[in-house]
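1. build me a model from this:
(2 chains)
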Amino acid sequence: MAGLRTIDLGDLSILCGTSRLGEIRRRVVETLKPGEEAVVVTRDPETWYALTSLGDELGYELIESSKDPEGRYLVRIRMKNS
Amino acid sequence: MVVSEKQSPVVDPEWLEKNLNNVKVIEVDYDPSTAYNIGHIPGALLIDWKKDLNKYPERDIIDKEGFEALLSRLGISNTDTVVLYGDYNNWFAAFAYWVFKIYGHDDVKILNGGRKKWIELGKPLTKEIPKPSPTTYRVTKVDLTLRASFLDVLKNLRNPSVVLIDVRSPAEYKGEITAPPEYPNEAAQRAGHIPGAVNIPWAQAVREDGTFKSVDELRALYESRGVTKDKEVIVYCRIGERAAHTFFVLKEILGYPKVRVYDGSWSEWGNIVGAPIEK
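-> A predicted model of the protein is given here:
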């Protein structure tokens, strides 16, 4: 995934006040252009699961998902062309 | 540490996976759109914390009739073993546990590590929503000794046999912030903590994966801060959900006899004219 923009979401499991969906939309979806690819990083399993499940709702395609040796989930997405 | 037996208040994911047909599983979410709705433990029902456990228009937990209606709708009977789990570190599952205990449902447990651990372990998830047959759930006892009001806390401020635990972050406890910027609806007019409260953030009771620390570790954590079994304990946070998590640890895991949740918490105390504050 070298060369792609990386967006580190950190641990969203402590930010229940704004909702995970809102945070993913604000910090990932709204920062990417149509067709643009990025790797979203998180250590939180719930956020990882949400990222891999909400592509249709949030307008992106899931390209690849993996976990690195340090325990970080790496989710590669491509924004759909609107 | 967990004893994965029916008698324990905590169940492990492995035990639950083998016993899905023997218990009623309920997911308690703050945000079902990124939790229950996209995948939940097979057979699990949903309690939406905001809609189902809170009363409206006044700020309060649901009343007895509301609890009966909720559990009847979910198809829960008075004798069912209920296992609660949820999003956001099991905070809201713990809050639900506290409400279940107030309304006298004795056989209730929490899934160790909650939704987070279940997903991390790669356990099965489904989007299939069960359609239970309604029951006629009846509350036979109400235990308000588990709950503390503003006045309960105020009159016990200088009581040496009562210890207050503030489970919020150190920055909130010290009064550096009233609430993190992500919680615009929960900020109070004033920052600080209730006089005499000790700061033991809820997260010190769990490991990084969200599972509870061992009984010995938990005992050492709280006793080293003067929170001992002979004291009456009142826990608070901002709106009560993290306080409920610590309530569960103290009362159900460590067996402290007198533990209450002050669910008004800082969102109430920090807004009341004349309420004493320390920084």
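2. going forward, measure contacts and count neighbours with C-alpha atoms only.
-> Noted.
3. which residues does residue 24 contact?
-> Just so you know, I chose chain A. Residue A:24 is in contact with A:9, A:51, counting by Cα atoms under 8 Å, 6 or more residues apart in numbering or on different chains.
4. let's do chain B instead
-> Applying Cα under 8 Å, 6+ apart, we find residue B:24 in contact with B:43, B:44, B:76, B:80, B:81, B:82, B:83.
5. can you check the distance spanned by stretch B:210-217, start to finish?
-> One end of stretch B:210-217 sits 15 Å from the other (Cα to Cα, to the nearest Å).
6. show residues contacting it.
-> B:1-2, B:89, B:112-114, B:116-117, B:205-207, B:253-254.
7. where's the dip in pLDDT among these?
-> Comparing pLDDT over the contacts of stretch B:210-217, the lowest score belongs to residue B:1 (39).
8. give me the phi and psi for residue B:45.
-> Main-chain dihedrals, residue B:45, degrees, to the nearest 10: phi -100, psi 170.
9. gap between it and chain A?
-> 18 Å (Cα to the nearest Cα, to the nearest Å).
10. I'd like the contacts of residue B:24 laid out as JSON lines, including pLDDT and secondary structure.
-> Shown next, in JSON lines, are these (pLDDT from 0 to 100; DSSP: H, G, I helix; E, B strand; the rest coil):
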{"residue": "B:43", "pLDDT": "98", "secondary structure": "coil"}
{"residue": "B:44", "pLDDT": "98", "secondary structure": "coil"}
{"residue": "B:76", "pLDDT": "98", "secondary structure": "coil"}
{"residue": "B:80", "pLDDT": "97", "secondary structure": "coil"}
{"residue": "B:81", "pLDDT": "97", "secondary structure": "coil"}
{"residue": "B:82", "pLDDT": "98", "secondary structure": "strand"}
{"residue": "B:83", "pLDDT": "98", "secondary structure": "strand"}
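11. what subset of these is buried?
-> With burial judged by 16 or more other Cα atoms under 10 Å in any protein chain shown, the buried subset of the contacts of residue B:24 is B:43, B:44, B:76, B:81, B:82, B:83.
12. may I ask which two of these are separated the most?
-> Using Cα to Cα, the buried ones among the contacts of residue B:24 span at most 13.9 Å, a distance reached by B:43 and B:81.
13. report the contact partners of the closest residue to residue B:258 other than its chain neighbours.
-> Of all residues not flanking residue B:258 in the chain, residue B:232 sits nearest, at 5.0 Å (Cα to Cα, 6 or more residues apart in numbering or on different chains). Residue B:232 is in contact with B:161, B:162, B:163, B:257, B:258, B:259, counting by Cα under 8 Å, 6+ apart.
14. kindly report the same for residue B:42.
-> B:20, B:124, B:125, B:126, B:128.
15. same question, residue A:5
-> Residue A:5 touches A:37, A:38, A:39, counting by Cα under 8 Å, 6+ apart.
16. need the contact partners of the stretch of helix or strand residue B:84 belongs to.
-> Element membership for residue B:84, per DSSP states H and E: strand B:82-86. Contact with strand B:82-86 is made by B:11, B:23-29, B:92-94, B:96-97, B:107-112, B:114-115, as judged by Cα under 8 Å, 6+ apart.
17. okay, and which of those residues map to strands?
-> Cross-referencing these against strands under DSSP state E gives B:11, B:24, B:25, B:26, B:27, B:28, B:29, B:108, B:109, B:110, B:111.
18. for the fourth one, what are its contacts?
-> Listed by Cα under 8 Å, 6+ apart, the contact partners of residue B:26 are B:44, B:45, B:46, B:47, B:82, B:83, B:84, B:85.
19. and which of the residues you listed is nearest chain A?
-> Of all the contacts of residue B:26, residue B:85 has the smallest distance to chain A: 13.0 Å, by Cα to the nearest Cα.
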